[in-house]
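# sharing a model prediction with you, sequence too.
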Amino acid sequence: MDEPINLILFSGTDDKLQAAAVLTAGAAALGRPVNLFLQYWALDAFRSERIGRDHGLAPESGPEGRAHVDALRTAGQAGWAETLRQAKDLGGVDIQACSLSMDLLGIEQADLDPLVDGVEGVTAFYLNAGAGQVVFI
Amino acid sequence: MLQTAPTVNRTIDARGSFCPGPLMELIRGIRESQVGDVLAILSSDKGSRIDIPRWIEKAGHRLIAVQTRDGYDEIVVEKAR
């Protein structure tokens, strides 16, 4: 059994969440377990009433980057939430909210999209990560 | 050598879908198929002609063909397990 790949999602902009979703789907396609740990602004983007919104782009995108991202979306690119749903359908993808970030943002699990499997602390995250790589996005 | 084209049981048209969409659709199609079925996936995503054959090898299926068509690639695979 392959070691899991462990992605800590911190940034809540659509470009970084999209990149993370594609990395997740690729690993899941290879049968590799993937653990996603949602912190700060990434967690905020997973609120059920906000997940479908425009979450902006990283500052380095600029107007030209915005235009490229919009063009791909207009051409029919699946959004990050949809890509994560597809990855979860393949199996082996676990999405956990950081309990500290839940307190920080004042939210309960009921406020989160069903993509999120649960809430855990950083110790549980590292224990689940085992010897697998940890990537911070 | 004369090669007879295999009978394609199912064609998945993933043209217009972006990475990793075509692979996601192929995996779904493979799961819904029987061992021995031949599937063709059509993709306009430039990464597919590299990624999909690599995935087929890793997943233990049989790559039959990768053909470039007009603005897209056609990848033919036999479900082997």
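Okay, I see it.
# and the closest residue to B:R15 other than its chain neighbours, how far is that from B:A14?
Excluding the flanking residues, the one nearest B:R15 by C-beta to C-beta, 6 or more residues apart in numbering or on different chains is B:S44, at 4.5 Å. For every residue, glycine as well, the C-beta is placed using N, CA and C. As judged by C-beta to C-beta, to the nearest Å, B:S44 and B:A14 stand 8 Å apart.
# the more surrounded of these two?
B:A14 (22 against 17; other C-beta atoms under 10 Å in any protein chain shown).
# quick check: pLDDT value at the more buried one.
With respect to pLDDT, B:A14 scores 97.
# hmm, B:S43 and it touching each other?
Yes. The criterion here is C-beta atoms under 8 Å, and B:A14 meets it with B:S43 at 5.0 Å.
# so for these two, which residues contact both of them?
Shared contacts of B:A14 and B:S43 (C-beta atoms under 8 Å, 6 or more residues apart in numbering or on different chains): B:P22.
# residue ranges with poor pLDDT in chain A?
Across chain A, the ranges flagged by pLDDT under 70 are A:1.
# strands of that one, start to end?
A:5-9, A:34-38, A:93-98, A:118-120, A:134-136 (DSSP state E).
# restrict the longest one to CA atoms and write it as CSV.
Right, the one you point to is strand A:93-98. Extracted in CSV, the C-alpha atoms of strand A:93-98 (Å, rounded to 0.1, in the frame of the first residue of the first chain):
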residue,chain,number,x,y,z
VAL,A,93,-9.8,10.8,-0.4
ASP,A,94,-10.4,12.0,3.1
ILE,A,95,-11.1,15.7,3.8
GLN,A,96,-10.8,17.0,7.4
ALA,A,97,-11.3,20.5,8.8
CYS,A,98,-8.7,21.8,11.2
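# residues contacting it, please?
A:24, A:28, A:33-40, A:43, A:46, A:84, A:87-88, A:109, A:112, A:115-122, A:124-125, A:128.
# just the buried ones among these, please.
A:24, A:28, A:33-40, A:43, A:46, A:84, A:87-88, A:112, A:115-117, A:119-120, A:125, A:128 (16 or more other C-beta atoms under 10 Å in any protein chain shown).
# now, which of those lie close to chain B?
Contacts with chain B within the buried ones among the contacts of strand A:93-98, counted by C-beta under 8 Å from any C-beta of the partner chain: A:A87.
# got the residue ranges for the helices in chain B?
For chain B, the helices defined by DSSP state H cover B:21-31, B:48-59.
# can you tell me which of those is most buried?
Neighbour counts (mean count of other C-beta atoms under 10 Å in any protein chain shown) averaged over each of the helices of chain B peak at helix B:21-31, with a mean of 21.
# out of the strands of chain A, which gets nearest to B:V38?
Checking the strands of chain A against B:V38 by C-beta to C-beta gives strand A:93-98 as the closest, at 28.9 Å.
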